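In: fold the following.
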Amino acid sequence: MSDASYDAFYDAVVVGSGPNGLVAANLLVDKGWSVLVLETQPTTGGAVRSSEDVHPGFIHDTFSAFYPLAAASATIRGLGLDEYGLRWTHAPAVLGHPMQDGSWALLHRDRHVTAELLDAQHAGDGQAWLELCGLWDQIGDPLVQALLTPFPPLRPGARLLNALRRAGGLAAVRTLLTPAGDLGRNRFRGEAARLLLAGNAGHADIPLDAPGSGTMGLLLAMLGQTVGFPVPAGGAGMLAAALERRFRERGGDVRCGAEVTRLGVEDGRITEVRTRGGHRIKVGRAVIAAVAAPHLYGRLLDPADVPRRVAAGMANFQLDPGTVKVDWALHKPIPWLTEPAYAPGTFHVADSVEQMTQSMSQVSAGVIPDAPFLLAGQMTTTDPTRSPPGTESVWAYTHVPQTVLRDAGPDGLRGRWDKEECERFADRMQARIERLAPGFGSAVASRRVLGPREFEALDANLIGGAIGGGTSQLHQELVFRPVPGMGRAETGITGLFLGSASAHPGGGVHGAAGSNAARAAILHDRLRWGDRRLGRSTTTRRRVTKAQHGASSGRPTE
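Out: Sure thing, here's the model as predicted:
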């Protein structure tokens, strides 16, 4: 096909402008590639966005809010986003779990404060917590590095094995493999420490009695002790804005309102990207698909172009549960039964570890929980710019089944998740907080409810409200993500790389999937062009339009 039939030519096109897509775009443009980011929505950010659309003067994060993994990510730290307007801020305490008797389980950034608080509730638990922190000191850095690098993580894996050996060998490995519920019961005698571990594990969709949940609980709890749960000052959107600003200043292009409808493949290699408006972009080197795997393999590619092994694996691809999220604008702080010793940014709502386990098991079984486990945030407590003085910008979300079999609660919800059902379920969620903070409802100035339909409408990657890009259970992680035998960004189509949460290492705002995809694209491009290109980068940036075609060869820049 003649180059004249294309509207533009780029070395690389990134489909999707969430954090993974923007990280990939930044890494590619740093190599001198001409890069275009295409985004369906009117603004960039994907699930990292914020606005004042709940109540005037209140900034609410539309989706994600707290970013311990971003703070721990060497890739995101390496981008120097503070130079592009990003500033992190923290709440007095990282995490709190209010209990029915008015007491609190609190995670403070200072491990010794956390230990003192736990010891005051149950003697000995403080020392047990410090021992767990000591284990993390030995294995934490290599574990995080191993999780966030391409699979298999050869160098980080070797470091992790050495660290595990020094930390106790098989005993340390056994700790990581122990389910979160058992890990808490084995290590602590009081409920507070157990709630902290289990609640952090509940950020993923791994059952609390299943292997993998303990690692997740330990990971987030210990990140809370080391880097905290920071938020971008001014709203989650400031993180996306910094990534976009850096990318544009380095020569990248972004087009919003540009829905990609097809990825063109010829002879097993990606060649072009088409948008709904009829535009066609020729691709010289790579496409990074920062989109959910079901959309890439089931919508953007012609079925004939999908490798058979991938198509067979995607038939069993499992989404994570759906989500219902409520945002509140409060005209006063949350009226807790008892004020905590340190105000937490994040808080969890569950009567006990057992009830938390039951709620998550109900979701897994297709049942809408009668007493949903809530993950919530006090945003003004964390960042005073989020609302006027004396008020609170707050949210809570919980998971619901992708396919509903029945409702364990009294409302007879059927899983339609229309406006009526979402509001009724939001009442159920709000009642959970009201029990711990009497008068919460009367403090509400405005409320917004986002159900599974709204999640997907605002970000197509959040299929049915699935915020993790696919289940994070062990059968769909590592070499099994997104399908058995993958585990890397390569798709089986030359020049096409999966750079979303559907790829290893999965969900979370860490940019690792985008980074892995970009690095894979750079490596494959070098191998394609031979040793003469090693160590060299493109220095000339090209955008070829039909009007400019006569002045350009249309080949990849050298």
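
In: where's Gln355 relative to Ser103, distance?
Out: 16 Å (CB to CB, to the nearest Å). (C-beta placed from N, C-alpha, C; glycine too.)

In: equivalent analysis for Ser213, please.
Out: Taken as CB to CB, the span from Ser213 to Ser103 is 25 Å.

In: cool, and Leu218?
Out: Using CB to CB, we find Leu218 at a distance of 23 Å from Ser103.

In: more neighbours, the two?
Out: Leu218 (24 against 17; other CB atoms under 10 Å).

In: my guess is that one contacts Gly184, does it?
Out: No. Using CB atoms under 8 Å, Leu218 is not in contact with Gly184; the gap is 10.3 Å.

In: give me the common contacts of the two.
Out: Counting by CB atoms under 8 Å, 6 or more residues apart in numbering, the common neighbours of Leu218 and Gly184 are Leu197.

In: skipping its backbone neighbours, what lies nearest His399 in space?
Out: Ranked by CB to CB, 6 or more residues apart in numbering and with sequence neighbours excluded, the top spatial neighbour of His399 is Pro321, at 4.0 Å.

In: what's the burial count for the one you found?
Out: Other residues within reach of Pro321, judged by other CB under 10 Å, total 22.

In: where do the strands sit along the stretch 251-400 of the chain?
Out: Along the stretch 251-400 of the chain, counting by DSSP state E, counting those that start in this stretch, strands occupy 253-256, 260-266, 269-275, 280-289, 322-330, 344-349, 367-368, 374-378, 392-400.

In: list the buried ones in stretch 288-295?
Out: Of all the residues in stretch 288-295, those buried under the rule 16 or more other CB atoms under 10 Å are 288-295.

In: meant to ask about stretch 316-336, not that
Out: Buried, per 16+ other CB under 10 Å, within stretch 316-336: 317, 319-330, 333-334, 336.

In: among those, which pair sits farthest apart?
Out: Taking CB to CB as the measure, the buried residues of stretch 316-336 span a maximum distance of 43.0 Å, between Phe317 and Pro333.

In: name the spans of this structure whose pLDDT lies under the cut-off.
Out: Scanning the chain for pLDDT under 70 picks out the ranges 1-4, 530-558.

In: domains in it, by residue range?
Out: 3-40+257-317+468-551, 129-191+202-224 (automatic domain parsing).

In: got phi/psi on the nearest residue to Gly140 once chain neighbours are set aside?
Out: Once flanking residues are discounted, Gly140 sits nearest to Met222: 5.8 Å by CB to CB, 6+ apart. Note on Met222: its backbone torsions stand at phi -80, psi -30 [degrees, to the nearest 10].

In: same question for the one 10 residues further on.
Out: Here is the backbone geometry of Pro232 (degrees, to the nearest 10): phi -70, psi 130.

In: alpha carbons only: can I get the helix or strand containing Gly134 in PDB?
Out: Following DSSP states H and E, one finds Gly134 within helix 125-147. Only the C-alpha atoms of helix 125-147 are listed here, as PDB (Å, rounded to 0.1, in the frame of the first residue of the first chain):
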ATOM      1  CA  ASP A 125       1.900  -7.700  68.800                       C
ATOM      2  CA  GLY A 126       4.200  -4.700  68.600                       C
ATOM      3  CA  GLN A 127       7.300  -6.800  68.700                       C
ATOM      4  CA  ALA A 128       5.800  -9.300  66.300                       C
ATOM      5  CA  TRP A 129       5.100  -6.400  63.900                       C
ATOM      6  CA  LEU A 130       8.700  -5.200  64.100                       C
ATOM      7  CA  GLU A 131       9.900  -8.700  63.400                       C
ATOM      8  CA  LEU A 132       7.700  -8.700  60.200                       C
ATOM      9  CA  CYS A 133       9.200  -5.300  59.300                       C
ATOM     10  CA  GLY A 134      12.700  -6.900  59.800                       C
ATOM     11  CA  LEU A 135      11.900  -9.600  57.300                       C
ATOM     12  CA  TRP A 136      10.700  -7.000  54.800                       C
ATOM     13  CA  ASP A 137      14.000  -5.100  55.300                       C
ATOM     14  CA  GLN A 138      15.800  -8.100  54.000                       C
ATOM     15  CA  ILE A 139      13.500  -9.200  51.100                       C
ATOM     16  CA  GLY A 140      11.400  -6.100  50.300                       C
ATOM     17  CA  ASP A 141      13.500  -4.300  47.700                       C
ATOM     18  CA  PRO A 142      14.400  -7.400  45.600                       C
ATOM     19  CA  LEU A 143      10.800  -8.700  45.900                       C
ATOM     20  CA  VAL A 144       9.300  -5.400  44.600                       C
ATOM     21  CA  GLN A 145      12.000  -5.300  41.800                       C
ATOM     22  CA  ALA A 146      11.300  -8.900  40.800                       C
ATOM     23  CA  LEU A 147       7.500  -8.300  40.700                       C
END
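
In: now the element after it, going C-ward?
Out: helix 154-166.

In: tell me the spacing between Leu183 and Asn200.
Out: Applying CB to CB, the value for Leu183 to Asn200 is 11 Å.

In: can you check which residues contact both of the two?
Out: 217-218.

In: now Gln473: closest residue in space, sequence neighbours ignored.
Out: The nearest residue in space to Gln473 (CB to CB, 6+ apart) is Ile206, at 5.3 Å.

In: which ones are touching the one you found?
Out: Ile206 neighbours (CB under 8 Å, 6+ apart): 212-213, 216, 472-474.

In: please apply the same query to Leu330.
Out: Neighbours of Leu330 in contact, by CB under 8 Å, 6+ apart: 391-394, 440, 443-445.

In: mind running it again at 7 Å?
Out: 391-392, 394, 443-445 (CB atoms under 7 Å, 6 or more residues apart in numbering).

In: bridge partners for it, pull those for me.
Out: Beta-bridge partners recorded for Leu330 (DSSP bridges): Glu392, Val444.

In: again with Thr89
Out: Val231.

In: now it: how far from Gly169?
Out: From Thr89 to Gly169 the distance is 40 Å (CB to CB).

In: so the two - more neighbours on which side?
Out: The neighbour comparison of Thr89 against Gly169 (other CB under 10 Å) goes to Thr89, with 16 against 11.
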